[in-house]
Structure formats: structure tokens, C-alpha cells
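Participant: predicted model and sequence below, questions to follow.
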Amino acid sequence: MNATMSDPTTRDVTVAVRPAISVADLSIEVDARDTFVGRALPLVRHVSFEVAPGEMVGLAGESGSGKSLTASAVAGLLPEGVRQAGGDIQVMGRAPGAGRRRDSDVAMIFQNPMTSLNPSMRIGDQIAEAVRLRHKGMSRKESRRRAVEILDRVEVNRPAERARQYPFEFSGGMRQRAMIGIAVAREPSVLIADEPTTALDVTVQKGVMDLLDRLRAEMGLAVLLISHDLGVISERCDRVLVMYSGELVEIGTTRQVLDSPLHPYVDGLMRCIPERALELGSLQPLPGQVPGPEAHIPGCRFADRCAFVTDECRQAPVPMADAGPGREVRCLRWQELSAARVADVAQLDEGGVR
Ligand SMILES: Nc1ncnc2c1ncn2[C@@H]1O[C@H](COP(=O)(O)OP(=O)(O)OP(=O)(O)O)[C@@H](O)[C@H]1O
Ligand SMILES: [Mg+2]
């Protein structure tokens, strides 16, 4: 990537040293008056991670594990009644929402673009409006011209004609491209994509993911990709973060986490996903229940489902442990368990089974 490309939205990422997203010890809770138990409930606990400019990082985890809330906090868009209870979030070195939210460096796209697009406004005008939020005082005519350029950039055919159409005239995949266009129009540093292709056909999914990947590379965008689909994550992301019951439980390169997971939960997930299913890419829940936010659990939140649990695991919250460069795991026993797994594989190799 270099800074001499003629495109005005191209950024030079080679000089960037600070992370685009930096989350340290983030906790999120729901207000007492919004809960049926009469006290505030933690929904996300002690989450820390970083994403570099130009990097696409996957955020995986079963439904309800806290992925969307974590992402919303980074975007400065937590829902009403839900608040940041602790920790620090920085986007390009600033707290999210510092200054006016609309100037924010974070853009977010969701599973269903129809809920975010204005149904009664032409697509081109919606993009032009986003352009003018970034470039205050730009004429309507100029912003409309830019909107057509952006539609072209997100690979919508016949962009000038398409700009005059309404969302209902767009197919699902085209709507997601239009949403990405609106996001890109704000020239963000960070793009959060929350299940961006889950509602789309497989072939359309690939096109949209190719587009996100291209924009990441061209604009030096930091992308946080939330997906149930480990196939998509493994194809597109160098690193992956795995959440369980409101906590991050494992961080590593995608290859490390998929091929040799350290946390018993992640290991269990990988074992119960046959290779084929992994290619097809769905994050199957393990047997048993994920504890909800109301469950009072003094120690490891996976303890009740863990085959390796000891008394110590149940006593106090388990911190993230450093498991090598860029590798973290929230398990007291990760070292002995990973040594045992290595021995297992060696034994199988000797027996000629593998
Ligand atoms: N506005 C809210 N008020 C109260 N609780 C909430 C709210 N939003 C989410 N929660 C709770 O917080 C937890 C995490 O929710 P979140 O939406 O972040 O999960 P997720 O990992 O994105 O799940 P999914 O894969 O289903 O999208 C869940 O227990 C959920 O019920
Ligand atoms: Mg979600």
C-alpha cells in the first residue's frame, strides 16, 4: 500500500503505528431497571483486544456471547439501558463518540441492510448525505457525483442509473453493497461488519466479502468481522477472537485457533465440527447451556460444561493468560491440556492411525 494512489480515500497504512481499535478491560452491563432480577447485570466482562489498521479480525462465538454489544461499544452505539461499566475503548487514539458521533471514525454494517436504509430515499441521495456528513459545506451536486463514484467503487453496475433508485429496487446483495457505500462515504478508519453476509446466498456472500477485503486493502481499513461462519472467518481473517458468555476466551491467528485451539470450549467446538462442516462453516453449539448474564458464577464461566474442570477453576474469575506472541487464552489449565493434546497426537502418529 502506498500513499501515491490517486484515490482520495486511500490512506497510507505503512506509517501507522497505533492500533485502529484498542479495547482494554471493557465491561458492559444492563441497567437494574431493565432487568427482571432487580440488579444491574454484566453482559460483557473484561474484554481486551486490538485491531491494526488494514487488518481484518474475526469475532466468533455462540449466539448471545456478547459479540454485537462489544462491537456496538466500539462504535459508541450501545443500546438504551445498556452501558459501559468499565474499561477503555479507543478508536484511532480517541474515545468513540468523542466529538459528534456522526464524525465518528467507525462505520457499522449489519445483517439486514433494509433496516438501516431509508426506504423512501433514493440510494444515491443516502450516499450523498453520508458524503456531506464528512465534507461539510460540499454542494449537493458534488456530493451526488461522489455518490455515483462510490456506487461504482462498491461494484454496483450502471451506478448513475442505480443512484436514482430506491432500496426496494435493489436485490439483497446490492443493498448490502449500498450499505457498504454509505459506510465508505464517511471515510472511516474502522469498519465493523456484524454478520454482513448471513442473510445472503453463498455466491452473493463471496462477492460482498471480496468487496470488504478489497476496501480493507485499498483504504487501510481496520475491519472487525462478526460471524457465526468460521469458514468465512478462516478465509478472510488473519486473527480471530472467540467469545463465550460475555468473555473473550481465546485470541490467536486464525490458523492457530482453528487447528490447535487452547481453550477447552474452543477445542470442543472444533472437535464437534467435522472437517466438512467447517468448510461449510457453521459454528455449532456444543451440548449444554451457555450460562446467561443472570447466572452467578464466581469462577470460570465454562466450568459446568468442561471435562477438565477442577475446584480451583470454580473459585475466582479466570484471567486471560499470555500463551505466546499474539496468543491468549482464558483457562487455568491450558498448558497441561495443550501438552496432553500434543502427546495424544504423537501417540496416534506412532500407532499409524493418522
Ligand atoms: N438491549 C439489551 N438489553 C438487555 N440485554 C441485552 C441487550 N442487548 C443484548 N443483551 C444481552 O446481552 C448478551 C449479549 O448479546 P449480544 O447481542 O452482544 O450477543 P451476540 O453474540 O451478538 O449474539 P448473536 O450471535 O445472536 O447476534 C445476551 O445475553 C443478550 O440477551
Ligand atoms: Mg449479534
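Facilitator: On my side now, so go ahead. Ligands and ions are numbered 1, 2, ... in the order given.

Participant: if I pick E235, what's in contact with it?
Facilitator: Going by C-beta atoms under 8 Å, 6 or more residues apart in numbering, E235 touches M209. Yep, even glycine has a C-beta here, placed from its N, CA and C like the rest.

Participant: ok, it to A193 distance?
Facilitator: Counting by C-beta to C-beta, to the nearest Å, the gap from E235 to A193 is 14 Å.

Participant: pLDDT at the nearest residue to A60 once chain neighbours are set aside, what is it?
Facilitator: Counting by C-beta to C-beta, 6 or more residues apart in numbering, A60 lies nearest to V242, which is 5.1 Å off, once chain neighbours are set aside. Among the per-residue scores, V242 holds a pLDDT of 96.

Participant: ok, now P274?
Facilitator: So P274 comes in at 56 (pLDDT).

Participant: equivalent analysis for D201, please.
Facilitator: D201 is given a pLDDT of 87.

Participant: same check on A343?
Facilitator: Here, the pLDDT recorded for A343 equals 77.

Participant: repeat for L230
Facilitator: 81.

Participant: please apply the same query to G281.
Facilitator: On the pLDDT scale, G281 is placed at 50.

Participant: kindly report the same for V57.
Facilitator: Looking at V57, its pLDDT reads 98.

Participant: where does it sit: helix, strand or coil?
Facilitator: Here V57 is recorded as strand under DSSP: H, G, I helix; E, B strand; the rest coil.

Participant: surely it touches V74?
Facilitator: No: contact criterion C-beta atoms under 8 Å: V57 and V74 do not qualify, at 11.5 Å.

Participant: what do those two both touch?
Facilitator: Joint contacts of V57 and V74 (C-beta under 8 Å, 6+ apart) are L224.

Participant: hmm, the helix or strand containing I89 touching ligand 1?
Facilitator: Assigned by DSSP states H and E, I89 belongs to strand 82-91. Yes: using C-beta under 6 Å from any ligand atom, a contact is recorded between strand 82-91 and ligand 1, made by V82.

Participant: who does the helix or strand following that strand touch, helix- and strand-wise?
Facilitator: For strand 82-91, the following helix or strand on the C-terminal side (DSSP H and E) is strand 106-109. Based on contacts counted as 3 or more C-beta pairs under 8 Å, 6 or more residues apart in numbering; DSSP states H and E, the elements that strand 106-109 packs against are helix 67-74, helix 172-185, strand 190-194.

Participant: run through who's touching strand 106-109.
Facilitator: By C-beta under 8 Å, 6+ apart, the list of residues contacting strand 106-109 reads 71-72, 74-77, 91, 96, 116, 176, 179-180, 182-184, 186, 188-194, 196.

Participant: now do that strand, average pLDDT.
Facilitator: The model assigns strand 106-109 a mean pLDDT of 92.

Participant: the helix or strand following that strand near ligand 1 at all?
Facilitator: Remark: after strand 106-109, the chain's next helix or strand is helix 113-116, criterion DSSP H and E. No: judged by C-beta under 6 Å from any ligand atom, helix 113-116 stays clear of ligand 1, getting no closer than 13.9 Å.

Participant: give me the buried positions along helix 113-116.
Facilitator: Buried residues in helix 113-116, counted by 16 or more other C-beta atoms under 10 Å: P113, S116.

Participant: quick one: distance of it to the chain centre.
Facilitator: Its chain's C-alpha centre and that of helix 113-116 lie 18 Å apart, by C-alpha atoms, centre = their mean, to the nearest Å.

Participant: next helix or strand past that helix?
Facilitator: Counting by DSSP H and E, what follows helix 113-116 is helix 123-134.

Participant: what about H135, distance to A160?
Facilitator: Remark: distance between H135 and A160 (C-beta to C-beta) = 20 Å.

Participant: S48 too?
Facilitator: According to C-beta to C-beta, S48 and A160 sit 46 Å apart.

Participant: what does the stretch 51-200 of the chain have sitting close to ligand 1?
Facilitator: Remark: the part of the stretch 51-200 of the chain in contact with ligand 1 comprises G61, S63, G64, S65, G66, K67, S68, L69, P79, G81, V82, using C-beta under 6 Å from any ligand atom.
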